[in-house]
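Undergrad: Build the 3D model from these lines:
(one chain, ligands or ions: 2)
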Amino acid sequence: MPGMGYGMEAERPGAQQWVPPAADVAGLREAVGACRGCELWADATQAVFSTGPVGARLLLVGEQPGDQEDRQGVPFVGPAGRLLREALEAAGINPDQTYLTNAVKHFRHTLRGKRRIHEKPSVGQLEACHPWLDAELAAVRPRLVVCLGATAARAVLGHDVKVGEARGLVQAAPGISAPVLVTVHPSAVVRLYGRDGWDEAFAALVADLKTALEAATER
Ligand code: URA
Ligand code: SF4
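TA: Ligands and ions are numbered 1, 2, ... in the order given. Predicted coordinates for the structure are as follows:
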């Protein structure tokens, strides 16, 4: 591999050269499969781009495709995605009218036997993949961007965020034309299923999504 031993972060090209300039979402989706902007493509089944209409008011950013998303090539089709759709509906938002995407477009995982264990993307990988997100923001021009969890917030805002402190606030983000709201990742709620705290966690996610809807409607 070129650059091995020189510090992987510095040697990654980043996605920019694979992002077609001024492309619409369909053009971006068509191009993403060829991206070699970081090493994550190599162990993934396929790139997973976005779902949802281009005219969406709300653009939601997750972390990365999970196991099922990687197999199906569609984001948010696994357990976290199902919970997210339920929470959107509970907030009065039609999930099919929102634009859903991820901070990185390939599934990062490690193998444990035959099982593929989710692994969080590194900051270097978030940065490498960022040109895709930028291009999506330019093509969709949402009224508001929702970051689902700390990884999405890091990718969108460019700095570390404590979700517990930042959640539910509509904030301006330098370099982004729309305001940003941070909330939890739906997998954090999925993890509580059947335990104390699930109801509160789900309700809090729904409340944040309602705030997002109101802010997006005002603009
Ligand atoms: N979690 C995410 O962040 N994105 C997906 O697409 C699925 C699960
Ligand atoms: Fe390209 Fe992003 Fe996939 Fe890395 S994760 S190869 S930058 S699309």
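Undergrad: what are the ranges of the helices in this structure?
TA: 8-11, 25-32, 67-72, 79-90, 123-140, 150-157, 163-166, 186-190, 198-218 (DSSP state H).
Undergrad: ok, of those helices, where does mean pLDDT dip lowest?
TA: If the helices of the chain are sorted by mean pLDDT, helix 8-11 sits at the bottom with a mean of 50.
Undergrad: mind listing what the residue of the chain found nearest ligand 1 touches?
TA: The nearest approach of the chain to ligand 1 comes at Gly62, 2.6 Å away (C-beta to the nearest ligand atom). All C-beta spots, glycine's among them, are computed from the backbone N, C-alpha and C. Gly62 makes contact with 75-76, 80, 84, 100-103, 148-149, 152, 185-186, according to C-beta atoms under 8 Å, 6 or more residues apart in numbering.
Undergrad: Tell me the one of those residues nearest Ala216?
TA: Taking C-beta to C-beta as the measure, Ala216 sits nearest to Leu100 out of the contacts of Gly62, at 14.6 Å.
Undergrad: Could you tell me how many residues sit around that closest one?
TA: Using other C-beta atoms under 10 Å, Leu100 has 24 neighbouring residues.
Undergrad: And Val180, by the same measure?
TA: Val180 has 24 nearby residues by other C-beta under 10 Å.
Undergrad: what's the answer for Ala47, then?
TA: 23.
Undergrad: Okay, Ala22 and Ala139: tell me how far apart.
TA: Counting by C-beta to C-beta, to the nearest Å, the separation of Ala22 from Ala139 is 9 Å.
Undergrad: picking up where we left off before, deepest of the helices of the chain, which one?
TA: Ranked by mean neighbour count, the helices of the chain are led by helix 150-157 with a mean of 23 (mean count of other C-beta atoms under 10 Å).
Undergrad: Export it to CSV, keeping only CA atoms.
TA: Below are the C-alpha coordinates for helix 150-157, written out as CSV (Å, rounded to 0.1, in the frame of the first residue of the first chain):
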residue,chain,number,x,y,z
ALA,A,150,-21.2,12.3,18.5
THR,A,151,-19.6,10.9,15.4
ALA,A,152,-22.0,12.7,13.1
ALA,A,153,-21.6,15.9,15.1
ARG,A,154,-17.8,15.6,14.8
ALA,A,155,-18.1,15.2,11.1
VAL,A,156,-20.5,18.1,10.5
LEU,A,157,-19.2,20.6,13.0
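Undergrad: Contacts for it, please.
TA: Helix 150-157 is contacted from outside by 61-64, 102-104, 120-121, 123, 126, 129-130, 133, 145, 147, 160-163, 166, 173, 176, 180, 182, 185, using C-beta under 8 Å, 6+ apart.
Undergrad: Also stretch 76-94?
TA: 51, 58, 60, 62, 66-69, 75, 95, 98, 100, 148, 185-187, 189-190, 202, 205-207, 209-210, 212-213.
Undergrad: ok, it near ligand 1 or not?
TA: Yes - using C-beta under 6 Å from any ligand atom, stretch 76-94 reaches ligand 1 at Phe76, Gly78, Ala80, Gly81.
Undergrad: got CSV for these, with distance to ligand 2 too?
TA: Output for those, formatted as CSV (distance: C-beta to the nearest ligand atom, whole Å):
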residue, distance to ligand 2
Phe76, 17
Gly78, 18
Ala80, 18
Gly81, 18
